[in-house]
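Novice: Here is my input; please provide its structure:
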Amino acid sequence: MNPNFANFVAPDLSTAPRRRARPPKRKTRITIYLDDEVLNEFRSRAERTGTGYQTLINAALRLRLAGQEGAPAAA
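Specialist: A predicted model of the protein is given here:
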């Protein structure tokens, strides 16, 4: 027996707090190219509002998509 573990006592795990299951993944990491002016504007707005610029871009895309519901497809 290893002398470093001679006095080892296994902890009682029956009272250990259980980890919560991870929430389902709802976002996907992508790479996207945006115009510098667009990105700078979102970063400026993010700084003013205290929100992340990626969050603002996501919100703008959601609003755009919500406005497209029921609209005819562009040719």
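Novice: now the helix or strand hosting R43, how far from the centre of its chain.
Specialist: Per DSSP states H and E, R43 falls inside helix 36-49. On the basis of C-alpha atoms, centre = their mean, to the nearest Å, helix 36-49 sits 19 Å off its chain's mean C-alpha point.
Novice: likewise stretch 52-65?
Specialist: The chain centroid and the centroid of stretch 52-65 are separated by 13 Å under C-alpha atoms, centre = their mean.
Novice: what comes up buried for that stretch?
Specialist: For stretch 52-65, burial by neighbour count (16 or more other C-beta atoms under 10 Å) applies to Y53, L56, I57. For the C-beta atoms, the positions are set from N, CA and C on the backbone; glycine is no exception.
Novice: got a list of what the second one touches?
Specialist: Taking C-beta atoms under 8 Å, 6 or more residues apart in numbering as the definition of contact, the neighbours of L56 are F42, R45, A46, T49.
Novice: Could you tell me which of those count as buried?
Specialist: For the contacts of L56, a burial check counting by 16+ other C-beta under 10 Å picks out F42, A46.
Novice: Return the closest of the contacts of L56 with respect to R64.
Specialist: Nearest to R64, judged by C-beta to C-beta, of the contacts of L56 is F42 at 13.7 Å.
Novice: per-residue pLDDT, the residue most central in space within the chain?
Specialist: Against the mean C-alpha coordinate of the chain, by C-alpha atoms, centre = their mean, the closest residue is K27 at 5.9 Å. You'll see K27 listed with a pLDDT of 89.
Novice: How about the secondary structure of it?
Specialist: When classified by DSSP: H, G, I helix; E, B strand; the rest coil, K27 comes out as coil.
Novice: Numbering from 833 from now on, please.
Specialist: I'll keep to 833 as the first residue from here, and by that count the last item is K859.
Novice: Could you measure from it over to P849?
Specialist: 27 Å (C-beta to C-beta, to the nearest Å).
Novice: quick revisit: need the contacts of L888 in TSV (columns: pLDDT and distance to A853).
Specialist: Output for these, formatted as TSV (pLDDT from 0 to 100; distance: C-beta to C-beta, whole Å):
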residue	pLDDT	distance to A853
F874	98	33
R877	97	35
A878	97	31
T881	96	33
